[in-house]
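Student: sequence first, then the predicted structure:
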Amino acid sequence: MSLTVIGTMAFDALETPFGKVDRIIGGSATYVAWSASNFTNAIQQVSIVGGDFPQAEFDKLAARGVNFEGVEVV
């Protein structure tokens, strides 16, 4: 089975009564691809992401079968 994920890859900033975190990895496509990688290793991601998105995060997802040919880094 293969899956194409279209959506956002971004940094999130979270604030709760217990604290604040900036630049945490977020975006719907990031989490859908991560979750889907538990079921298939044929995932194509389509998104646009800023150049400050960490290569280490791409590497973690790629190791789980996510292909980033459809991701444009701007």
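Tutor: Perfect, I can see it now.
Student: from the centroid of the protein, which residue is nearest?
Tutor: Centroid-nearest residue in the chain, with Cα atoms, centre = their mean: residue 30, separated by 2.3 Å.
Student: what sits against that one?
Tutor: 8, 9, 10, 57, 61 (Cβ atoms under 8 Å, 6 or more residues apart in numbering). C-betas here are computed from N, CA, C, even on glycine.
Student: distance between the ends of stretch 38-48?
Tutor: Stretch 38-48 has an end-to-end distance of 23 Å (Cα to Cα, to the nearest Å).
Student: for that stretch, give the mean pLDDT please.
Tutor: The pLDDT scores in stretch 38-48 average 95.
Student: mind listing what's buried in it?
Tutor: 43, 44, 45, 46, 47 (16 or more other Cβ atoms under 10 Å).
Student: between those residues, which is nearest residue 24?
Tutor: Closest approach to residue 24 among these (Cβ to Cβ): residue 47, at 17.2 Å.
Student: immediately after the helix or strand residue 15 falls within, which helix or strand?
Tutor: For residue 15, the element it lies in under DSSP states H and E is strand 10-16. The first helix or strand that comes after strand 10-16 along the chain, using DSSP H and E, is strand 19-26.
Student: hang on, the residue nearest to the centre of the chain in a helix?
Tutor: Yes. Applying DSSP: H, G, I helix; E, B strand; the rest coil, one finds residue 30 inside a helix.
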